[in-house]
Structure formats: C-alpha cells, structure tokens
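In: Sharing a model that was predicted from the sequence below.
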Amino acid sequence: MSDENPFSRPSFIFSAGFLAALVVSGVLVAVWPDDEDEAGADPGSASAPAGPEATSSPEEAPATPDGQDSVCGLEAHTVEFDMLLPLLDTTWTSIGGMRAPQTAEHGPGVVEDGGARYCYARTPEGAVLATGNFLALANAGGDRMDSQWERIVAPGPGRQVFIAEMESSQAPEGGGGGQIVAAKVVSYTEDEARISLALMAPDAVYASMTFDLIWVEGDWKIVVDESGESDPLFTVLEDLSGYTPWAAI
C-alpha cells in the first residue's frame, strides 16, 4: 500500500469503501498519524507529486498574517479561545452531495450564484466554517468556486498550482459520500488556526481531517504547500470524543 495520503490532493474524495479498506488493513497509524501528535508539523512539509504546472508570481510568496479587516464587513473578532460551542444556527447546503455549512454571524458572508462561498468571521467559529466549506467545495470536484479559489486558499508558491488543478478537475460520479458530523479547534489565535473536522461515511465509519488556516487578505484561508496540496492530517476515529457535535446529517 502506498504511503501517499490521497486526501492531500485537491480532488480528494471521502469514500466509505476506502475507509473500510483502511480499517481492515490495520495500517492506519503508520499511514496517517494522529492529528494531535502532529499539531506542530509544518503544513508545507508534505512530500507528494506536484499538480499541474503553474508559474508563481512575486506576490505569491508564503502567506503571513496581515490583520486586514473582513472582506465583507463581518465584525466578530475573537483573540482568545476557550471552547467550541455547538453552532445551533447552522444551515447546510448540498454541494456535489456533501453539505456545506453557513451561519449568519460567522459566515460565509458571501455566497454567489456561481457557487463561490467566502468571507468568514475572525473567530474560532469562522475558521471552522471556512474549513467545512473548503472541504465541501474541494471534495465536490470541478470549479465549484467559479474561478475564485484565491478567496479561500492562502497566498503562497502552491496557490496557483492548486487553483489550476481544481479548475481542471471533474466532479466525481455519485458525489463524495461523507458528511461533517463534528468539529474541533485544535489551536487558535487571531492570525492562525488548526481545525479538525469529523466526518461519517455512509457505512458509519468515522474519520477526521485536520487543516491549517491563516487570516490573510481579510479572510480565513486554507494553507497549501508549494506543490499545491493542503495535506490534511487524516485519522480514522473510534468515536467522537473531544469533538463538538455539528452535524450535516
């Protein structure tokens, strides 16, 4: 079995059959380390094949927090984080079979007719919502952001590579299959966040995917490495201990 993380590609699919095969194989820990143990890992350290070639421009230097105001005027701003409470006012919209979350207070503050979803509050909840929407949009395949992926992907050498691959990808037959069922804020500051989402496949297999985000260009954006990969840490879960319930099902 290859040790390449298939979920690091922009076109990852949360497959029930794939998860079941991993459980039977008994090699989960060796292939995908626990997200807590790797909390200090460099999000740009993945070693995987590069996507479509793209030319980096001078402005595509690695992102650093810039403190800009929200691009759509969301005012909430949390500097310190205590615990994530259930987001009871969440509404869910199906995108290629996977449901994407939205709240009035934390975002996305912009949902365009063409499918683009962006602008999240500078809060832990905003970072969670940004992660959930990124996962649904990328998992669905195709150009679900209507050629506006820079709205949710952080600047850096790999951003244009990621965008090129997403814009040329095809939507999978039958949709992605999994749904968000819970969330966890692994770490949070007003400038950076690490968010873990728990998902459930149709056969009730639970797994978590953990992403790094940065507040830049007035929004929470997913960090990708120079190869254009978000390299989310992936772990099969026995239960949802430590996660806040947040179900799309």
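Out: Looks like it arrived, so ask away. Nothing here was measured: the structure is a model prediction, and the numbers come from that model.
In: could you point out which element follows the helix-or-strand element of the chain with minimal mean pLDDT?
Out: Within the chain, judged by mean pLDDT, DSSP states H and E, the helix or strand with the poorest mean is helix 28-31; its value is a mean of 32. Toward the C-terminus, helix 28-31 is succeeded by strand 91-95 as the next helix or strand (DSSP states H and E).
In: How about that following strand, which residues are buried there?
Out: If you call a residue buried by 16 or more other Cβ atoms under 10 Å, then strand 91-95 has these buried ones: 92, 95. The C-beta positions use only the backbone N, C-alpha and C, and glycine is treated the same way.
In: Paired strands for it, with orientation please.
Out: Sheet pairing of strand 91-95 (DSSP bridges) gives strand 98-102 (antiparallel).
In: And the next helix or strand past the strand it pairs with?
Out: Past strand 98-102, the next helix or strand by DSSP H and E is strand 110-111.
In: what's in contact with that next one?
Out: The contact list for strand 110-111 (Cβ atoms under 8 Å, 6 or more residues apart in numbering) reads 71-72, 93, 102, 116-119.
In: Looking at the residues you listed, spot the one nearest residue 157.
Out: For the contacts of strand 110-111, the minimum distance to residue 157 (Cβ to Cβ) is 21.5 Å, reached by residue 118.
In: ok, that closest one touching residue 71?
Out: Yes - Residue 118 is within contact range of residue 71, at 7.3 Å (criterion: Cβ atoms under 8 Å).
In: Could you list the residues in contact with the helix or strand harbouring residue 180?
Out: Assessed by DSSP H and E, residue 180 sits inside strand 179-188. Residues from elsewhere that reach strand 179-188 (Cβ under 8 Å, 6+ apart): 35-36, 39, 81, 84, 98-99, 101, 124, 127-128, 131-132, 135-136, 193-200, 206, 208, 210, 240, 242-249.
In: Mind listing the residues bridging to residue 213?
Out: residue 193, residue 222.
In: Count the neighbours of it for me.
Out: When counting by other Cβ atoms under 10 Å, one arrives at 27 neighbours for residue 213.
In: Do I have it right that it meets residue 132?
Out: No - at 11.5 Å, residue 213 and residue 132 do not qualify as touching, with contact defined as Cβ under 8 Å.
In: So for the two, which residues contact both of them?
Out: Shared contacts of residue 213 and residue 132, defined by Cβ under 8 Å, 6+ apart, are absent.
In: ok, now how distant is residue 187 from residue 170?
Out: Applying Cβ to Cβ, to the nearest Å, the value for residue 187 to residue 170 is 35 Å.
In: same deal with residue 123?
Out: Residue 123 sits 35 Å away from residue 170, going by Cβ to Cβ.
In: more crowded one of the two?
Out: Legend: neighbour count by other Cβ under 10 Å for residue 123 and residue 170, higher for residue 123 (22 against 8).
In: which residue packs closest to that one, ignoring adjacent ones?
Out: Of all residues not flanking residue 123 in the chain, residue 78 sits nearest, at 4.3 Å (Cβ to Cβ, 6 or more residues apart in numbering).
In: pLDDT at that neighbour, what is it?
Out: Residue 78 carries a pLDDT value of 70.
In: Number of residues surrounding residue 190?
Out: Neighbour count of residue 190, defined by other Cβ under 10 Å: 16.
In: For it, which three-state class applies?
Out: coil (DSSP: H, G, I helix; E, B strand; the rest coil).
In: any idea how far the residue nearest to it when sequence neighbours are not counted is from residue 188?
Out: Nearest in space to residue 190, with sequence neighbours left out and distances taken as Cβ to Cβ, 6+ apart, is residue 79 at 5.0 Å. Using Cβ to Cβ, residue 79 is found at 10 Å from residue 188.
In: All good on my end, thank you.
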